[in-house]
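# fold the following and give me the result.
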Amino acid sequence: MIKSAYIHIPFCNNICFYCAFCKMLKNDAFVDKYLNSLEKEIKKNYKGDILDTLYIGGGTPTSLNEKELTKLFSILKIFKLNEEYEYTFEANILDINEKLLSILKSNRVNRLSIGIESFDENNQKLLNRKVSYEEAKSKIDLCKKYFNNINVDLIYAIPNESIKTLKSDLDKIISLNVNHISTYSLMIEPNTVLSINGTLPISDSLDKKMYDVICGALKKEGYIHYEVSNFAKEGFYSKHNSAYWLNDNYYGFGLGASGYIDNLRYTNTKNLSLYLKGNYISQKEILTKDDEITYALILGFRFIKGIDIEKFKKRYNVDLLTNEKVKKLLRNKKLVLNNGSISINKKYIYVENEVLIEFI
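Presented below is the predicted three-dimensional model:
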C-alpha cells in the first residue's frame, strides 16, 4: 500500500545556492510544458491509492503565478486523500500574501514549509536570500490566519558564521512561534554556486558545537527533538517525512523526484528534454530483502526514539536483538535499548553516519 506522494516543482524566483538550473527553467513556456508532462506522468503511474500525505516541494512552487497554480491544483485533484491527511506546500517567505494563502487553503493544503534559512545579513548574502525579521514575522503571522501547521527551515554552519550569529538566528526563529522547525547544516556540494566560487565549509568541531546549541535552545523552548534534524511541538511531527524514515512506500513525481514502490527505488531524470518526452525514470534499484532491511535500519535510526523492535520483527521477520552488528553496537554503547526500541546513543547522534556505516 502506498500512502504518500512527493511532487517536485523545480522552479524558483532566484538563483539559489544549490544551482542555477531552476531560474533557467522559470519562464511561462517551460512551466506550461512541464506541468503538462507532470500530469501525464501522474496519470500513467498513480494507481488510485488513498494517501496519508502529499508533499509539493522544491524548487519553490509558490513562485508559480495564479494561472500556473490553478493548473497545478487541477492536476493534483487526482490524488485521493484520507480524512486525516497531511498536505504540505513549500513556500518562499517573500511569495506569501493573502491571495496565495487563500488559493492554497481552498485546494486542500493544510501545512506550509517555509525556507527562511537565516536572518543574518552576511549569511543571506552568501545564500542569495534577503528578508528582514520584521517582514518574516509579519508573513508568518499572516500564515497563521490560514494554517495552524507551519514548518520553517534554519540553515547553520554557514561559512564565517559564529555561534553568536547562530544564537541570534535561533532567538528570532523561536520567536516566530511555529510548531515545527527543520535545521540543516550547510553542505557545499560539487558543481553548486558555492563550490564553484571556492567557498570552504566550517570545521567539524564548530559544526558540532552549533548542532548542540540548536538542540539545547529548542529543547528549552518545548520543542521535541524527534529526528536528527527536526524539532516539533507535540502532535506536529512531519507525517510525510516520517513515512520516509519508516521506510514506507511513496510515489515520486516530477523532474528529479525519487520514489519507492514495493522493492523498487527509482529516481526520475533531471534532464528536462527527456522528461518532456515522457522518459521519466533515469535510475532503478531492485532491492533484495537484505537491501530493504539495510534501508530500514539506516532510515529508522534517524528517529531519536529509534526503531521499535517488535514492529521491525513483524515487518521484516528479523529480531534485531539477535543481529550481530546490533549486538556489537549495543556492547559499545553506540546503540541503546529503551522501552522496546533500539536507538543511537545521544552521544553519537551528531556523527550517526559513523554508526550507520556498520550496517552498509
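# quick one: low-confidence ranges for the stretch 101-250 of the chain?
191 (pLDDT under 70).
# mind running it again at 90?
126-129, 187-202 (pLDDT under 90).
# quick one: the strands in it?
In the stretch 101-250 of the chain, the segments counted as strands under DSSP state E, counting those that start in this stretch are 111-117, 150-156, 180-185, 224-227, 230-232, 250-253.
# just the CA trace of the fourth one, in PDB.
Just to be clear, that refers to strand 224-227. What follows is strand 224-227, C-alpha atoms only, in PDB (Å, rounded to 0.1, in the frame of the first residue of the first chain):
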ATOM      1  CA  ILE A 224      10.700  17.800  20.800                       C
ATOM      2  CA  HIS A 225      13.800  16.600  19.100                       C
ATOM      3  CA  TYR A 226      12.200  13.700  17.300                       C
ATOM      4  CA  GLU A 227      14.500  13.200  14.300                       C
END
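# got the contact list for that strand?
215, 218-219, 231-234, 237, 241-242, 245, 302-305 (CB atoms under 8 Å, 6 or more residues apart in numbering). No exception for glycine: its C-beta is placed from N, CA and C like everyone else's.
# which one is residue 99 nearest to, not counting chain neighbours?
In space, and not counting its chain neighbours, residue 99 is closest to residue 66: 7.2 Å by CB to CB, 6 or more residues apart in numbering.
# list the residues that contact the spatially closest residue to residue 209 that is not a sequence neighbour.
Leaving aside its chain neighbours, residue 209 sits nearest to residue 163 (6.4 Å; criterion: CB to CB, 6+ apart). Listed by CB under 8 Å, 6+ apart, the contact partners of residue 163 are 206, 209, 210, 213.
# roughly how far does residue 163 sit from residue 221?
Separation of residue 163 from residue 221 (CB to CB, to the nearest Å) stands at 18 Å.
# same question, residue 269
42 Å.
# returning to what we had before: between the strands of the stretch 101-250 of the chain, which one is nearest to residue 345?
strand 224-227 (14.1 Å; CB to CB).
# the host helix or strand of residue 84 pairs with which strands, parallel or anti?
Secondary structure from DSSP states H and E places residue 84 in strand 80-91. Looking at strand 80-91 with DSSP bridges, its partner strands are strand 50-57 (parallel), strand 111-117 (parallel).
# quick one, which of those is packed in tightest?
Comparing the strands paired with strand 80-91 by mean neighbour count (mean count of other CB atoms under 10 Å), strand 111-117 ranks first with a mean of 23.
# name the residues that touch that one?
In contact with strand 111-117 (CB under 8 Å, 6+ apart) are residues 57-58, 60, 86-93, 96, 104, 123-124, 127, 129, 131, 136, 140, 143, 147, 149-155, 173, 182.
# how far off centre is the strand holding residue 84?
How far strand 80-91 lies from its chain's middle: 15 Å, per CA atoms, centre = their mean, to the nearest Å.
# helices of the stretch 151-300 of the chain, start to end?
163-175, 193-196, 204-220, 239-245, 272-276, 289-300 (DSSP state H, counting those that start in this stretch).
# what about residue 130, neighbour count?
Residues near residue 130, counting by other CB atoms under 10 Å, number 11.
# before we move on, what about residue 219?
Neighbour tally, residue 219, other CB under 10 Å: 12.
# so what's it up against?
Applying CB under 8 Å, 6+ apart, the residues near residue 219 are 225, 231.
# check residue 351 and give its pLDDT.
You'll see residue 351 listed with a pLDDT of 87.
# count the residues that sit near it.
13.
# do the same with residue 197
Residue 197, neighbours per other CB under 10 Å, totals 10.
# from residue 128, how far off is it?
Distance from residue 197 to residue 128, by CB to CB: 11 Å.
# quick one: low-confidence parts of the stretch 251-360 of the chain?
323, 325, 350-360.
# name the residues of the strand holding residue 84 that are buried.
81, 85, 86, 87, 88, 89, 90, 91 (16 or more other CB atoms under 10 Å).
# center of this protein, which residue is that?
residue 241 (6.4 Å; CA atoms, centre = their mean).
# thinking again about what came up before, of the helices of the stretch 151-300 of the chain, which stretch is the most buried?
helix 239-245 (a mean of 21).
# and it, what does it pack against?
strand 4-8, strand 50-57, strand 80-91, strand 224-227, helix 289-300 (3 or more CB pairs under 8 Å, 6 or more residues apart in numbering; DSSP states H and E).
# just the angle between the third one and strand 150-156, please?
Our comparison of strand 80-91 with strand 150-156, counting by axes from the mean of the first three to the mean of the last three CA atoms, to 10 degrees, yields an angle of 40 degrees.
# and the second one, by the same measure?
For strand 50-57 and strand 150-156, the angle between their directions (the same axes, to 10 degrees) works out to 50 degrees.
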